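**Student:** got a sequence here, can you model it:
(4 chains, ligands or ions: 4)
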Amino acid sequence: MWMITYSEAIREAISLEMQRNEDVFLIGEDIGVYGGGFGVTEGLLAEFGADRVRDTPISESAIMGAAVGSALTGMRPILELQFSDFITIAMDQLVNQAAKLRYMHGGEGRVPLVLRAASGSGTGAAAQHSQSLEAWVAHIPGLKVVQPSTAFDAKGLLKAAIDDDNPVIFYEHKLLYKTEGEVPKEQYSIPLGKADIKREGTDITIVATSVMVQRALIAAAKLEREAINVEVLDPRTLVPLDEEAIIASVKKTGHLLVVHEAVKRGGFGGEIASIVAESRAFHSLRAPIKRLGGEAVPIPFSPELEKAAVPQVEDIVQSVQKMLGVKMTCI
Amino acid sequence: MWMITYSEAIREAISLEMQRNEDVFLIGEDIGVYGGGFGVTEGLLAEFGADRVRDTPISESAIMGAAVGSALTGMRPILELQFSDFITIAMDQLVNQAAKLRYMHGGEGRVPLVLRAASGSGTGAAAQHSQSLEAWVAHIPGLKVVQPSTAFDAKGLLKAAIDDDNPVIFYEHKLLYKTEGEVPKEQYSIPLGKADIKREGTDITIVATSVMVQRALIAAAKLEREAINVEVLDPRTLVPLDEEAIIASVKKTGHLLVVHEAVKRGGFGGEIASIVAESRAFHSLRAPIKRLGGEAVPIPFSPELEKAAVPQVEDIVQSVQKMLGVKMTCI
Amino acid sequence: MEILPNLTNPELLHLYKKMWLIRHFDEKIDEFFRKGIMHGTTHLSIGQEATAVGACAVLTDEDKITSTHRGHGHAIAKGARVDKMMAEMFGKSTGYSKGKGGSMHFSDLEKGNLGSNGIVGGGIPIAVGAALTAKMKKQKDVTISFFGDGATNEGSFHEAVNLASIWKLPVIFFCENNQYGMSSPIDEMINIEHIAERAASYGIPGVIVDGNNLVEVMNATYEAAEHVRMGKGPILIEAKTYRWRGHSKSDKRKYRSREEERFWQTRDPIKQYEGYLINKGILTRETAKKIKLEVRQIMEAAVEFAKRSPKPSIEELYTDVYA
Amino acid sequence: MEILPNLTNPELLHLYKKMWLIRHFDEKIDEFFRKGIMHGTTHLSIGQEATAVGACAVLTDEDKITSTHRGHGHAIAKGARVDKMMAEMFGKSTGYSKGKGGSMHFSDLEKGNLGSNGIVGGGIPIAVGAALTAKMKKQKDVTISFFGDGATNEGSFHEAVNLASIWKLPVIFFCENNQYGMSSPIDEMINIEHIAERAASYGIPGVIVDGNNLVEVMNATYEAAEHVRMGKGPILIEAKTYRWRGHSKSDKRKYRSREEERFWQTRDPIKQYEGYLINKGILTRETAKKIKLEVRQIMEAAVEFAKRSPKPSIEELYTDVYA
Ligand SMILES: Cc1ncc(C[n+]2csc(CCOP(=O)(O)OP(=O)(O)O)c2C)c(N)n1
Ligand SMILES: Cc1ncc(C[n+]2csc(CCOP(=O)(O)OP(=O)(O)O)c2C)c(N)n1
Ligand SMILES: [Mg+2]
Ligand SMILES: [Mg+2]
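**Tutor:** Ligands and ions are numbered 1, 2, ... in the order given. Presented below is the predicted three-dimensional model:
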């Protein structure tokens, strides 16, 4: 174990995997000498050479397609999108090709690729560089979707994503890159589809993803002072989703708050809330479910507006207070 | 009033609007002499000429962008995507440009364009030509999303979409093109954001979209024989969404079934279900909410599998029966 | 014209047979759609047999192709079994995709067919990826990416060819210029005379061939394959040809004249190759007849196989989504 | 070299002033980022002033441009007010986008600037759309689409240029080839010598100019504008230039040598134009000094304005999403 950043944890998972497996290689814009948009791949060119760390032209559609084609023929590409917003240019290859090839071909072929993408707001990058679009890909059968919230999870989940024989979208959050955590030095795998209770509690379940896990934990610490006992559940992967863990937690606490940064309208929080509203946990709910998500606006530049556009610690605290103030009445 | 098809209703709305407003024009692949992928624009080239009915190369990204640029500078383009699946190639222009320009520019500029797209399964077109991806665009602030289920709605909503000063995605369903309905001969507008109760009922609310409205109505007629009184609510537009109408209906009936063709996981049904679960109608719910949506698989070719992949009338009937069999117990 | 690849006479006859297999396969499909007994839609390559067969003639099973919505011919040329194809067209569990793919979606990895594609231009970057594998794994295989004239206006074409060029990948970009997209004449959709001219944007050779002349196609592809295998980077081949039928099942062909269609039918690629073989003394009218008969029998058997095959079970809906 | 557009001496001096405005604006921005008092990121066009100013010199306010992530220079060249720009950079309500856009997002429709763009290649199809409006409304305006060398590998470039070409739209595709994408040298990202060669794919003229020579840029753009206004279709101009600073605020510039940077600094576009004006007797050293002083004062005032301006109110979060 050592203390390293989220960014370093990702680099470690890649590096160890590339040492182990010749088929794994990197492809993307400015991932070589520049070290990637956020410095994650720094040093990997020196370690593995230009054949396995492939700087590409600015051609998201072709590099996504090249990843698909190489994966289909025996390689295991890891593609970096500097900003997850650029997935808009790669959507055909990702959604119509990578996600569907195996099914359309009746089970022939597999597409083991990882698409790493930096997502989220908070850096003043504005509307075209700050989106959280994980709901799009989570909607597409054939894709898997990962959103690590800690350095430890990032390393273990990335290992699992690389090992997976399917296209996996691995969302990294810009604000998490520099956060530190205890991480084993050796390679390890965290299975996709297993939620993690980041904090146990009895009064309310907060299902939070990515950077919102950290905010929920801070909120939980504050709420503890008011003797409110919050459980923070991090699904870690949206597809596959650990529905059982979510339902069990809500059955225990009787309250559900879902928090994500993505725009609330049409966000994946709707899926999580609905799964609970459809489940046996429905009868355990002691108040309406609540979702906190991004406002229905593009991410603005001004730091004040940018903050106001997505949930902050204070929003979580207030939502919990409100929810627990409301008592369920039987009709 | 006359009986015309959904497809004719769309053509009429376009034709009348093009007669009235010189700024309205059509752009898309094979919309001229071919009459469009599904024959909707047949005859419009003859009526308006090649300057206003613009056949394009197979370049979805450029034609989407050309629509954005022309809209920004004073035109009102209507763009046809032969299959809504091809939106994958136009996502940057739609999502990063059209949807956000006005906001990013602090309110300067407007992008009045309509993107017409044929969506849905049922014609054996398989995985890359049968998707229902409306949840993607409904997630994006700055876009509006329309899903007409009848000829009457199609004409009136398209008029409103053309008049709207924002980018509007207008989803047409392939299986509806040939369905007939009573439609006024003159031009009329149905405001975006007003749901329509397609059938009044007291026992359960079915919120259904697009072709599922028709299936829900058939299911409702069957259920009537069992003295189950179904309300079928068609939101008609996902953005803006008539939340009030949905909540009011569920408050009245105490049961909510949401039905759409799109894959259930991450579909817009999650939004609708969550809005209810978060609302004051929560307390009126007498059973868990239920969503019916597409299975988490790409749309297969085989007609039997294709049918099994998305909700059918019988699925709706059975879901309603099950839901009403369950009585709510107070905890 | 001399034949460049070192093919035996039986091999040359086999190409002739493949052309007929393609022709008859698509004629059968046409018949079934007309009769209304086939689901979905389809794109026939009748009249374009020389491009698929000629190009694939120089490939081994290790070499790869990516195909298009108009892909039956490519599949047959690359060695697919027509019975499994026919079964797929009928949505049967014995089909290449167990009935899940249909006309536009099947692959045959054993034979090197990475799959047809319903997205115009969608296969091009995938072919580049396959060629990247060959380069990284130091394999000798080449990949041919087939696509239409219309596809060259997609961004994916541009990005993919450029990428292959700078990385000198062993891929042949094979444009079947059949003069039209769906209804759009290519000469109104580009402002240059030949698609092959676009090679200039990527610093690669652009070659124009008569796409209805199998020998010409084969020779050009042979030379291209030699070139790309040597690590000299990709090549763009433009083969001029014509589809005899409509774009898909429901096309009234208003965008072109019947005269034009008749003209192209006088340039039948099968007849031309037949004439060539007869001239060279490789084929007799007798053998030609026998081959055609054999093809008809194969096709009847394929149809029988397809019709008798079971439908996929409903459980199949859920399999193959993930590996 | 003779100047083709019919500009008066004061107009020529105004161009000189604009170059300094761009230089100083971006130097200020650089300073603020270094000091850590500016949010977000930015892309400076120091060293590239001649392309923006030279190209826009031949446009009127009716003519349009689309710009890029590296767009401050284009905006100033097209007539933007630096105080409103500076306010935008500080995220203030008096900025071009009320503080909602920042460095990469503002437009100035009155002056014909349709906006900068954070998506590489994103503005190119939009420019084509603007040119389509001009054609359909029979207006005389032209649109210049600015983009970098890296952007020419995006599919949007290919699709947009082709579309403009077949429709003969009044648009000038203006590539500022500053030799690098973010870190990628263009000569490793394409397999041809000049980006202008790509014009061949679309049947349009491709022109190469010294992007550090304002007069050359202006003349080429002038001729291009004449050409496209006459309905002869688009033109691709490639201007060779260099960005002096890093790609964005946090670039260590490991991908290029300090010698290379120094070489390009000897080719300072402002100095070159200054020399030209002095040679022609249009500018004296004295006036030059005065102009530079004036520019400094304008910039100080702009910074003052920006700093004193109020932040947007939180309610502004919700406005402008829909028209
Ligand atoms: C991205 C995309 N856009 C549009 C279509 C609809 N479409 C299918 S085939 C076709 C024409 C293709 O023309 P070409 O590439 O020349 O191939 P051909 O059909 O002539 O063989 C079109 C427009 C599609 N399938 N995919
Ligand atoms: C679609 C897209 N891909 C990648 C990026 C990240 N990015 C921003 S600028 C840039 C380099 C652009 O190079 P070029 O077009 O030459 O313009 P320059 O920066 O040199 O002015 C990259 C890769 C982006 N903003 N958009
Ligand atoms: Mg064609
Ligand atoms: Mg550059």
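**Student:** what pairs with the lengthiest strand in chain A, parallel or antiparallel?
**Tutor:** Among the segments of chain A that qualify as a strand by DSSP state E, the longest is strand A:256-263. Strand A:256-263 has the following strand partners under DSSP bridges: strand A:204-208 (parallel), strand A:290-294 (parallel).
**Student:** dump these to CSV, plus distance to A:Pro240.
**Tutor:** Backbone N, C-alpha and C define where each C-beta goes, glycine included. CSV is the format used below for the strands paired with strand A:256-263 (distance: least, C-beta to C-beta, whole Å):
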stretch, distance to A:Pro240
strand A:204-208, 15
strand A:290-294, 21
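**Student:** coming back round to it: report the buried residues of the longest strand of chain A.
**Tutor:** A:Leu256, A:Leu257, A:Val258, A:Val259, A:His260, A:Glu261, A:Ala262, A:Val263 (16 or more other C-beta atoms under 10 Å in any protein chain shown).
**Student:** same check, this time on stretch C:49-64
**Tutor:** C:49-59, C:63-64.
**Student:** out of those, which is nearest to B:Leu285?
**Tutor:** C:Lys64 (55.3 Å; C-beta to C-beta).
**Student:** follow-up on the earlier one: looking at the buried residues of stretch C:49-64, which are in helices?
**Tutor:** C:Glu49, C:Ala50, C:Thr51, C:Ala52, C:Val53, C:Gly54, C:Ala55, C:Cys56 (DSSP state H).
**Student:** from chain C, which residue is nearest to ligand 1?
**Tutor:** As assessed by C-beta to the nearest ligand atom, ligand 1 sits closest to C:Gly148 within chain C, at 2.2 Å.
**Student:** helices along the chain, start to end?
**Tutor:** With no chain named, the answer covers chain A. Under DSSP H, chain A gives helices at A:6-20, A:44-48, A:60-72, A:87-91, A:101-104, A:134-138, A:151-163, A:211-224, A:243-253, A:269-278, A:303-309, A:313-325.
**Student:** wait, I meant chain C there
**Tutor:** C:9-35, C:49-56, C:72-77, C:82-89, C:123-136, C:155-166, C:186-189, C:214-229, C:258-265, C:269-279, C:285-308.
**Student:** and the residue lying closest to A:Ala248 once chain neighbours are set aside, what pLDDT?
**Tutor:** Nearest residue to A:Ala248 in three dimensions, chain neighbours excluded: A:Ala281, at 8.0 Å (C-beta to C-beta, 6 or more residues apart in numbering or on different chains). Looking at A:Ala281, its pLDDT is 94.
**Student:** and the one 10 residues further on, by the same measure?
**Tutor:** A:Arg291 is assigned a pLDDT of 98 by the prediction.
**Student:** equivalent analysis for A:Met1, please.
**Tutor:** With respect to pLDDT, A:Met1 scores 89.
**Student:** show the contacting residues for the one residue in chain C that gets nearest to ligand 3.
**Tutor:** Going by C-beta to the ion, ligand 3 is nearest to C:Gly148 of chain C, at 3.6 Å. By C-beta atoms under 8 Å, 6 or more residues apart in numbering or on different chains, C:Gly148 lies in contact with C:Thr68, C:Arg70, C:Val120, C:Cys175, C:Glu176, C:Asn177, C:Asn178, C:Gly181.
**Student:** can I get the residues you listed in JSON lines with distance to B:Ser84 and neighbour count?
**Tutor:** Converted to JSON lines, the contacts of C:Gly148 look like this (distance: C-beta to C-beta, whole Å; neighbours: other C-beta atoms under 10 Å in any protein chain shown):
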{"residue": "C:Thr68", "distance to B:Ser84": "20", "neighbour count": "27"}
{"residue": "C:Arg70", "distance to B:Ser84": "22", "neighbour count": "25"}
{"residue": "C:Val120", "distance to B:Ser84": "15", "neighbour count": "28"}
{"residue": "C:Cys175", "distance to B:Ser84": "27", "neighbour count": "28"}
{"residue": "C:Glu176", "distance to B:Ser84": "27", "neighbour count": "28"}
{"residue": "C:Asn177", "distance to B:Ser84": "28", "neighbour count": "23"}
{"residue": "C:Asn178", "distance to B:Ser84": "26", "neighbour count": "24"}
{"residue": "C:Gly181", "distance to B:Ser84": "19", "neighbour count": "25"}
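**Student:** would you mind giving those as TSV with distance to ligand 2 and pLDDT added?
**Tutor:** TSV is the format used below for these (distance: C-beta to the nearest ligand atom, whole Å; pLDDT from 0 to 100):
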residue	distance to ligand 2	pLDDT
C:Thr68	26	98
C:Arg70	31	98
C:Val120	21	98
C:Cys175	26	99
C:Glu176	30	98
C:Asn177	30	98
C:Asn178	33	98
C:Gly181	26	98
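**Student:** looking at the residues you listed, which is nearest B:Glu226?
**Tutor:** Once C-beta to C-beta is applied, the member of these that ends up nearest B:Glu226 is C:Val120, at 48.7 Å.
**Student:** ok, that closest one to B:Pro298 distance?
**Tutor:** 19 Å (C-beta to C-beta, to the nearest Å).
**Student:** do C:Lys290 as well
**Tutor:** 43 Å.
**Student:** looking at the stretch 101-250 of chain A, which residue is nearest ligand 3?
**Tutor:** Nearest to ligand 3 in the stretch 101-250 of chain A, going by C-beta to the ion, is A:Met104, at a distance of 22.3 Å.
**Student:** which among the helices of chain C is found nearest to B:Gly28?
**Tutor:** Closest among the helices of chain C, using C-beta to C-beta: helix C:186-189, at 13.2 Å.
**Student:** list the helices and strands the closest one packs on?
**Tutor:** helix D:155-166 (3 or more C-beta pairs under 8 Å, 6 or more residues apart in numbering or on different chains; DSSP states H and E).
**Student:** please save the CA atoms from the helix it packs on in PDB.
**Tutor:** The C-alpha coordinates for helix D:155-166 follow below in PDB (Å, rounded to 0.1, in the frame of the first residue of the first chain):
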ATOM      1  CA  GLY D 155     -14.400  14.200 -40.400                       C
ATOM      2  CA  SER D 156     -16.300  17.500 -40.000                       C
ATOM      3  CA  PHE D 157     -13.600  19.200 -42.100                       C
ATOM      4  CA  HIS D 158     -14.000  16.700 -44.900                       C
ATOM      5  CA  GLU D 159     -17.800  16.600 -44.900                       C
ATOM      6  CA  ALA D 160     -18.100  20.400 -44.700                       C
ATOM      7  CA  VAL D 161     -15.700  21.300 -47.400                       C
ATOM      8  CA  ASN D 162     -17.200  18.800 -49.800                       C
ATOM      9  CA  LEU D 163     -20.700  20.100 -49.100                       C
ATOM     10  CA  ALA D 164     -19.700  23.700 -49.600                       C
ATOM     11  CA  SER D 165     -18.000  22.700 -52.800                       C
ATOM     12  CA  ILE D 166     -20.900  20.900 -54.500                       C
END
